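>>> Give me a 3D structure for the following:
(one chain, ligands or ions: 1)
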Amino acid sequence: MAVELKTLEEFAVLTINRPEALNALNAQTIGEISAAIDEAAQMNVRALIITGAGDKAFCAGADIKEMIGIDLTGKMRKSEIGQAAFAKLDSLRIPSVAVINGYAFGGGLELALASTFRLATPRAAVALPEVKLGLIPGYGGTQRLPRVVGEARALEMIMTGRTVRADEALSMGLVHRIIDDSDRLASAFAFAREFSSYSLVALSYTREAVMRALSRPLQDGLKMEAEISTLAFQSSDAREGIAAFIEKRPAKFTDQ
Ligand code: DAK
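Predicted coordinates:
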């Protein structure tokens, strides 16, 4: 198996496990990531943590050795399969956290960009270097990177293909935190616990509203926010959260 999925504490942990190829994404790996996301959706966990096996790479991108000899239809199909697999993270009810433990190049960075949050170890190095191969990103990079860091920075990263180190990635908002290398999963769990006790209803409506913000004018977005926040208000967890505040006790959310 190129991908491992297990439950650790209250989290699902997906590990891309091809360290001999720096966890590059061949067709089998993409298929297994897609299946693992489906499986995580059925687990009773508070977040999905995604990382790479070994100390060198989160994921070095699409498997370059597998690119030889694919025809145009095959390339289009490959792109659609990769995009669809990563897009599953958008509709996953639990938030996802990419733990970038080394190289996240090409499709590897695109997987991290599709995650709700990105944490980087000090040795992390990220890039969309497809231009160096005469390519452009095909797993969502041209669409998600500008949404995260803005058009100017995205164009510069994609057109130069340059490598961005952890501290710069943090300063441009490409990663949310730099975490300790010595026990990266413990650091990721500590980060996830900053939100994981809250209602998944509120968390998933928040993600939906924020994601939709970027694709519509402000006035439409405000209307959409009014609708979604009204839906959240009608949830049992909203009733519980408000009652708990008034009764001066911790809320017990049930994700309903
Ligand atoms: N694919 C296949 N194998 C890879 C690989 C990759 N992306 N990256 C590394 N490897 C393999 C190496 O070939 C080497 O294998 P052996 O030679 O030992 O058999 C092993 O991993 C260790 O790599 P290195 O010896 O190169 O390790 P170094 O520390 O010296 O260098 C590196 C690490 C990350 C700087 C270097 O490996 C590197 O530059 N790797 C390539 C990174 C890259 O360019 N990634 C972007 C791939 S392009 C599309 C769909 C998707 C995409 C585009 C279009 N459509 C369907 C249209 C997306 C494209 C990409 O992601």
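>>> quick one: the helices in the chain?
Along the chain, the segments classed as helices by DSSP state H run 27-42, 72-91, 107-114, 141-149, 151-160, 166-171, 184-192, 200-213, 218-233, 236-246.
>>> so can I have a markdown table of those showing mean pLDDT?
Output for these, formatted as a markdown table (pLDDT from 0 to 100):
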| stretch | mean pLDDT |
| --- | --- |
| helix 27-42 | 97 |
| helix 72-91 | 87 |
| helix 107-114 | 98 |
| helix 141-149 | 97 |
| helix 151-160 | 98 |
| helix 166-171 | 98 |
| helix 184-192 | 98 |
| helix 200-213 | 96 |
| helix 218-233 | 97 |
| helix 236-246 | 97 |
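>>> now the ones you listed as CSV including distance to Thr7 and mean neighbour count?
C-beta: built from backbone N, CA, C; applies to glycine. Formatted as CSV, the helices of the chain follow (distance: least, Cβ to Cβ, whole Å; neighbours: other Cβ atoms under 10 Å):
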stretch, distance to Thr7, mean neighbour count
helix 27-42, 9, 18
helix 72-91, 18, 15
helix 107-114, 21, 28
helix 141-149, 28, 18
helix 151-160, 35, 15
helix 166-171, 28, 16
helix 184-192, 12, 19
helix 200-213, 16, 17
helix 218-233, 28, 12
helix 236-246, 23, 14
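>>> mind checking which of those helices is nearest Arg177?
helix 184-192 (6.2 Å; Cβ to Cβ).
>>> which other helices and strands contact the closest one?
strand 11-16, strand 48-52, strand 96-100, strand 117-120 (3 or more Cβ pairs under 8 Å, 6 or more residues apart in numbering; DSSP states H and E).
>>> could those go into CSV alongside mean pLDDT and distance to the ligand?
As requested, these are exported to CSV (pLDDT from 0 to 100; distance: least, Cβ to the nearest ligand atom, whole Å):
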stretch, mean pLDDT, distance to the ligand
strand 11-16, 98, 12
strand 48-52, 98, 11
strand 96-100, 98, 13
strand 117-120, 98, 15
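>>> any chance of those in JSON lines, plus mean neighbour count and distance to Ala154?
Below are the helices and strands packed on helix 184-192 laid out as JSON lines (neighbours: other Cβ atoms under 10 Å; distance: least, Cβ to Cβ, whole Å):
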{"stretch": "strand 11-16", "mean neighbour count": "24", "distance to Ala154": "24"}
{"stretch": "strand 48-52", "mean neighbour count": "26", "distance to Ala154": "22"}
{"stretch": "strand 96-100", "mean neighbour count": "28", "distance to Ala154": "17"}
{"stretch": "strand 117-120", "mean neighbour count": "26", "distance to Ala154": "15"}
